[in-house]
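K.L.:
pasting the structure only:
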């Protein structure tokens, strides 16, 4: 699967179906991906959540209709996919700073949506980003246990990943890394997203690897993850934050690597859910510019059956 092409085609599907009451699940099903995995990839490639993109596209279509026709605003509201004129007016006012009726009178300039360069090809990687994909290492990691803190995240809310920052503050302020017994590697902390659901929710865990789940401190959780081969990349949290690492991973590195992401063949509405999560590995980490590793679970493309 060409991930970038799949996400691009999903935007075309939105452009075609925006006037209908489509949901994130509908759009993800069209791409044959789970809603949460699709939502993660969509935001990685476009910079928008699926809901935000759909809403912005509906509003821009409404803008064109207001300018180019004499239709009543209530007609434009329903034709643009909104459930009521009130919902349309509220959303329109939040986006453009004026109500639709005022917009019709003032006719201010509005940038097209999506921007023409959203899918510009031939994008060159910066030297710093290119370095992330040099000297990729591979390792087989057996099934392992972790203990730590968890928070619920939501890929399709604008602030749906905000709990991650709050969780890190809680982790660091309470020095949990040094309070967990049976640790495998002192000073090594993982960030793991897992347990995605059909409604685009998942869990983010800050944790350390342990030898047993028999001694979990009160207030913490333990998890077990399955064995997998991992591709290991050196990067920084600063690069991760921009979204460019994962965009380059899926659009440039993965298609030429001879690998595919390791996924569990577990389907719901034609969507595949990922069982083997990527792992952020922090060792002797000080700030956003410090070197960290990303472990991406992969298998060879010629593997027909994932075990």
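P.N.:
Nice, thanks for sending it over. Predicted model only: the values in this text are computed from it and were never measured.

K.L.:
what segments of the chain are strands?
P.N.:
All strands of the chain, identified by DSSP state E, fall at 137-141, 144-154, 188-194, 201-210, 221-225, 228-236, 259-261, 267-268, 271-272, 279-283, 291-300.

K.L.:
mean pLDDT lowest where, among those strands?
P.N.:
Of all the strands of the chain, strand 271-272 carries the lowest average pLDDT, namely a mean of 43.

K.L.:
how about stretch 251-267: buried residues?
P.N.:
If you call a residue buried by 16 or more other C-beta atoms under 10 Å, then stretch 251-267 has these buried ones: 251, 252, 253, 254, 257, 259, 260, 261, 262, 263. For glycine as for every other residue, the C-beta is placed from the backbone atoms N, C-alpha and C.

K.L.:
for residue 147, see how far away residue 211 is.
P.N.:
As for residue 211, its distance to residue 147 is 10 Å (criterion: C-beta to C-beta, to the nearest Å).

K.L.:
ugh, wrong one, I meant residue 37
P.N.:
According to C-beta to C-beta, residue 37 and residue 147 sit 26 Å apart.

K.L.:
between the two, which one's more packed in?
P.N.:
For residue 37 versus residue 147, the count of surrounding residues by other C-beta atoms under 10 Å is larger for residue 147: 24 against 21.

K.L.:
what sits against that one?
P.N.:
The contact partners of residue 147, taken as C-beta atoms under 8 Å, 6 or more residues apart in numbering, are 180, 207, 208, 210, 213, 216, 217, 220, 221, 222, 223.

K.L.:
now a PyMOL select for only the buried ones of these.
P.N.:
Selection of the buried residues among these in PyMOL, burial being defined by 16+ other C-beta under 10 Å:
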select buried, resi 180+207+208+210+216+220+222+223
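
K.L.:
can you pick out the most distant pair from the contacts of residue 147?
P.N.:
Of all pairs drawn from the contacts of residue 147, the one with the largest separation by C-beta to C-beta is 217 and 223; the distance is 14.4 Å.

K.L.:
mind putting the strands of the chain into JSON lines with distance to residue 102?
P.N.:
Conversion of the strands of the chain to JSON lines gives the following (distance: least, C-beta to C-beta, whole Å):
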{"stretch": "strand 137-141", "distance to residue 102": "58"}
{"stretch": "strand 144-154", "distance to residue 102": "33"}
{"stretch": "strand 188-194", "distance to residue 102": "43"}
{"stretch": "strand 201-210", "distance to residue 102": "38"}
{"stretch": "strand 221-225", "distance to residue 102": "51"}
{"stretch": "strand 228-236", "distance to residue 102": "45"}
{"stretch": "strand 259-261", "distance to residue 102": "48"}
{"stretch": "strand 267-268", "distance to residue 102": "45"}
{"stretch": "strand 271-272", "distance to residue 102": "42"}
{"stretch": "strand 279-283", "distance to residue 102": "46"}
{"stretch": "strand 291-300", "distance to residue 102": "48"}
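
K.L.:
alright, calling it a day.
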